[in-house]
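Visitor: Turn this into a structure:
(chains A, B, C and D)
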Number of protein chains: 2
Amino acid sequence: MEFRHLRYFLALAEELNFNRAAARLHISQPPLTRQIQQLEQELGVELFLRTSKGVELTAAGTMFREEAGRLVALAERATERTRLAGEGKLGRLDVGIFGSAVLNVIPRMILNFRRLYPEVTVVLHNMNKIEQIEALREGRITIGFNRVLPPAPDIVVETVLKEKLIVAINRNHELSHAREIAISDLSGQPMIIFPSAPRPSFADQVYTMCHGAGFAPQVVQEVGDAVTAAALVSSGFGICVMPESAISLQLPQVIFRRLAWPHPTIDLDCLYHRNDQSPILNAFLEIVRGFRAPEAGAEAG
Amino acid sequence: MEFRHLRYFLALAEELNFNRAAARLHISQPPLTRQIQQLEQELGVELFLRTSKGVELTAAGTMFREEAGRLVALAERATERTRLAGEGKLGRLDVGIFGSAVLNVIPRMILNFRRLYPEVTVVLHNMNKIEQIEALREGRITIGFNRVLPPAPDIVVETVLKEKLIVAINRNHELSHAREIAISDLSGQPMIIFPSAPRPSFADQVYTMCHGAGFAPQVVQEVGDAVTAAALVSSGFGICVMPESAISLQLPQVIFRRLAWPHPTIDLDCLYHRNDQSPILNAFLEIVRGFRAPEAGAEAG
DNA sequence: AATGCTGATACCTGAAAGGTATCGACTTAT
DNA sequence: ATAAGTCGATACCTTTCAGGTATCAGCATT
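Guide: The predicted structure is shown next:
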């Protein structure tokens, strides 16, 4: 059975006359007769009752008309949905995110994407950078977001934006009166560092920054994520260097101060598989790239 | 697009290798390549990503795989349902019935039918004999049940069974002591007659019977149906001749007595369109004919 | 550099869809 | 009653196109 049989059948079921149906199909009457006979033979059922004045549908024919109509409609739907999927306008986007650092930028990007591509289902998966790379390779996610990523030959890493660093301080802390804090001011201060794993991470970047300023940070606690770190700041454990987006965290007693010149930054990167040419990924990447600060000069290729 | 394209596509989507897929389809590789190219061209979308070591599905291809699978499954369902409809095992049977007289036999026939053909939806339509004939001609019902039917060239009438006549009597009535009632006993009794329309009807048969016994019935009331007639009997209006199946009517004060020899009967007929060869109708007719009393000799052909 | 995969292409063959002419059955109009 | 005009079915020819064989180009492994 081919779609041709369905098209011919439906035309005949509407016209109830071989000649008129054939004319409508732009073929002559004999081939139509033959195709209908074939169809009936394959189904093992008479679909039409031939009378002296045209044809009429049998009970089986009536049933087949319903089914054939459904099939043709579904076929049209199939081509339409496939075309849309080819344009990235229909489908599913699995995004790997990491817990705390994505408090601001990623939700905004996803909201923008969903406004432009409302038929794409966006699914978020919370996982760390190691898990994200693994999931990208296995196709469980299409794109991931993270910081301080190790290079891999099959994974493309693009810097989404460079966030300035800020310092979370307890309101009663001696540094709370300054509008900005110099890196050297952190020397000797009890510091909270995150994340503890996996390495390399934001924590390493803070270490490097301090050593670059000529001192070793006095780490009182390593924690897993920014929310926990902020909670410790709130209870007076110490101070904590964070990416700017952590400013969304609202905890009692916690205030944020910028780090002064040279305004150190941390990259937020996105990562995806080098061979992935999925149109949905490309559509999403365009949105992501639109978020990249226009003044940013240096970019990871 | 033809089903061939779907079959080939699905084979390739599973094997992800043109040669293996072609082998599975019992064709050689070049025609498979060509058919897939045709499909992609018609959809305007690349379905497979050709690599040096086989192929993989694109996003559009993944979408099309889902849709193609649905289509193939629906096609199988379509052939199966059409075959079943051809055997009368699937579909719909619209039955015209008339209100009161069908208290017993028709429900039993329909229950039997539904046990044998559980996938056929039986729909009952309450209509009088004129409406039934009209509905048969327009295809709104497939079979009707009624009594005392006028002949029509395009409608076949078959006697389903001959019901004996009974008399509904108030418990306090003088005739209630007899086990059987002779037709002549009805002479001079106040009688309720039904139905008042449409003619010819059961009412006419009662008239004829009385006149044949040598008297004119003393009609105190004409009513529309047996239930109303029985209600009048219950309140002492008079007596009423009814078909035997009315015995199912349970009303206070109403008792039933047989009419004595020569045991007059009334036919319950079914009617259907002469040209209707629907397998469901034939299946139902077989059940109906099985209900016909085996001793009944004379039948309407 | 050679071999062995991959899918794509060129060209031929054969099956089958489509076209023309005509048939037999039936209805309708004269 | 019979001739003309329907209807769908059939016989036979033409054309299209799916399928087959041989071969190619690209890439990976050896």
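
Visitor: drop to CA atoms for contacts and neighbour counts, all remaining ones
Guide: OK.

Visitor: Count the residues that sit near the closest residue in space to A:I181 that isn't next to it in sequence.
Guide: Distances taken as CA to CA, 6 or more residues apart in numbering or on different chains put A:L259 closest to A:I181, at 4.9 Å, once the chain neighbours are dropped. Look at A:L259: counted by other CA atoms under 10 Å in any protein chain shown, it has 23 neighbours.

Visitor: Over to A:L259: give its phi and psi.
Guide: With angles defined as degrees, to the nearest 10, A:L259 sits at phi -80, psi 130.

Visitor: same for the longest helix along chain A, what does it pack against?
Guide: Longest helix in chain A, counting residues (DSSP state H): helix A:59-86. Counting by 3 or more CA pairs under 8 Å, 6 or more residues apart in numbering or on different chains; DSSP states H and E, the packing neighbours recorded for helix A:59-86 are helix A:3-15, helix A:279-291, helix B:29-43, helix B:59-86.

Visitor: Make TSV out of the ones you listed and add mean pLDDT, distance to B:Q132 and mean neighbour count.
Guide: Below are the helices and strands packed on helix A:59-86 laid out as TSV (pLDDT from 0 to 100; distance: least, CA to CA, whole Å; neighbours: other CA atoms under 10 Å in any protein chain shown):
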stretch	mean pLDDT	distance to B:Q132	mean neighbour count
helix A:3-15	95	27	19
helix A:279-291	89	60	17
helix B:29-43	94	51	15
helix B:59-86	93	24	20
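
Visitor: right, and the ones you listed - which one's nearest A:L116?
Guide: Nearest of those to A:L116, taken as CA to CA: helix A:279-291 at 9.3 Å.

Visitor: next structured bit after the longest helix of chain A?
Guide: Downstream of helix A:59-86, the next assigned helix or strand under DSSP states H and E is strand A:91-97.

Visitor: Neighbours of the closest residue to DNA strand D within the stretch 201-301 of chain A, how many?
Guide: Here the stretch 201-301 of chain A gets closest to DNA strand D at one residue, A:N275, 12.0 Å apart by CA to the nearest atom of the strand. Using other CA under 10 Å, A:N275 is surrounded by 9 other residues.

Visitor: need the helices for the stretch 101-250 of chain A, in chain order.
Guide: Using DSSP state H, counting those that start in this stretch, the helices of the stretch 101-250 of chain A run over A:105-116, A:129-138, A:202-212, A:226-234.

Visitor: list the contacts for A:L251?
Guide: A:L251 is in contact with A:A230, A:A231, A:S234, counting by CA atoms under 8 Å, 6 or more residues apart in numbering or on different chains.

Visitor: May I have the secondary structure class of the closest residue to the second one other than its chain neighbours?
Guide: Spelled out, it's A:A231. Closest residue in space to A:A231, ignoring its immediate chain neighbours: A:L251 at 7.1 Å, by CA to CA, 6+ apart. With DSSP: H, G, I helix; E, B strand; the rest coil as the basis, A:L251 sits in coil.

Visitor: Give me the pLDDT for A:L251.
Guide: As predicted, A:L251 sits at a pLDDT of 84.

Visitor: Next, give phi and psi for it.
Guide: Here is the backbone geometry of A:L251 (degrees, to the nearest 10): phi -120, psi 150.

Visitor: likewise the one 5 residues further on?
Guide: Summarising the backbone geometry of A:F256 under the convention degrees, to the nearest 10, its torsions are phi -120, psi 140.

Visitor: beta partners for it?
Guide: With DSSP bridges applied, A:F256 shows beta-bridge pairing to A:A168.

Visitor: tell me the contacts of it?
Guide: A:F256 is in contact with A:I166, A:V167, A:A168, A:I169, A:I247, counting by CA under 8 Å, 6+ apart.

Visitor: quick one: the residue nearest to A:A231 and A:T228, what's the gap?
Guide: 11 Å (CA to CA, to the nearest Å).

Visitor: again, but for A:R114
Guide: As for A:R114, its distance to A:T228 is 31 Å (criterion: CA to CA).

Visitor: How about the longest helix of chain A and DNA strand D, touching?
Guide: No. Judged by CA under 7 Å from any atom of the strand, helix A:59-86 stays clear of DNA strand D, getting no closer than 14.1 Å.

Visitor: Just the angle for that helix relative to helix B:279-291, thanks.
Guide: Orientation of helix A:59-86 against helix B:279-291 (axes from the mean of the first three to the mean of the last three CA atoms, to 10 degrees) gives an angle of 140 degrees.

Visitor: How far does helix A:59-86 sit from its chain's centre?
Guide: Here helix A:59-86 is found 31 Å from its chain centre; the criterion is CA atoms, centre = their mean, to the nearest Å.

Visitor: any idea how far DNA strand C is from A:G86?
Guide: Separation of A:G86 from DNA strand C (CA to the nearest atom of the strand, to the nearest Å): 17 Å.

Visitor: Then A:K164?
Guide: 49 Å.

Visitor: Just give me the neighbour total for that residue.
Guide: Look at A:K164: counted by other CA under 10 Å, it has 17 neighbours.

Visitor: List the beta-bridge partners for it.
Guide: A:T265.

Visitor: Next, the contact list for it, please.
Guide: A:P243, A:E244, A:R258, A:L259, A:H263, A:P264, A:T265, A:I266.

Visitor: Out of these, which comes closest to A:Q189?
Guide: A:Q189 lies nearest to A:L259 out of the contacts of A:K164, by CA to CA, at 14.5 Å.

Visitor: any idea how far A:I166 is from that closest one?
Guide: 5 Å.

Visitor: Stretch A:282-296 and chain B, are they touching?
Guide: No. Remark: stretch A:282-296 sits outside contact range of chain B, by CA under 8 Å from any CA of the partner chain, the gap being at least 11.6 Å.

Visitor: how much space between the most far-flung residue of chain A relative to its centre and A:N17?
Guide: No residue in chain A has its C-alpha farther from the mean C-alpha position than A:S52, which lies at 62.7 Å (CA atoms, centre = their mean). Distance, A:S52 to A:N17, using CA to CA: 11 Å.

Visitor: Quick check, the residue in the stretch 1-150 of chain A closest to DNA strand C?
Guide: Closest point on the stretch 1-150 of chain A to DNA strand C, by CA to the nearest atom of the strand, is A:I27, at 3.3 Å.

Visitor: Enumerate the residues of the stretch 1-150 of chain A near DNA strand C.
Guide: So the stretch 1-150 of chain A meets DNA strand C at A:H26, A:I27, A:S28, A:Q29, A:P30, A:P31, A:L32, A:Q35, A:S52, A:K53 (CA under 7 Å from any atom of the strand).

Visitor: Same list, those, but as a markdown table with distance to A:L93 please.
Guide: Shown next, in a markdown table, are those (distance: CA to CA, whole Å):
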| residue | distance to A:L93 |
| --- | --- |
| A:H26 | 44 |
| A:I27 | 46 |
| A:S28 | 49 |
| A:Q29 | 50 |
| A:P30 | 51 |
| A:P31 | 48 |
| A:L32 | 46 |
| A:Q35 | 44 |
| A:S52 | 59 |
| A:K53 | 57 |
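
Visitor: filter the residues you listed down to the ones near DNA strand D?
Guide: Of those, the ones that also sit near DNA strand D (CA under 7 Å from any atom of the strand) are A:Q29, A:P30, A:P31, A:S52, A:K53.

Visitor: Run through chain A and note the low-pLDDT ranges.
Guide: For chain A, the stretches flagged by pLDDT under 70 are A:99-101, A:293-301.

Visitor: For the spatially closest residue to A:V223 that is not a sequence neighbour, give me phi and psi.
Guide: The shortest distance from A:V223 to any residue other than its chain neighbours is 5.1 Å, reached at A:F194 (CA to CA, 6+ apart). When read as degrees, to the nearest 10, the backbone of A:F194 gives phi -150, psi 160.
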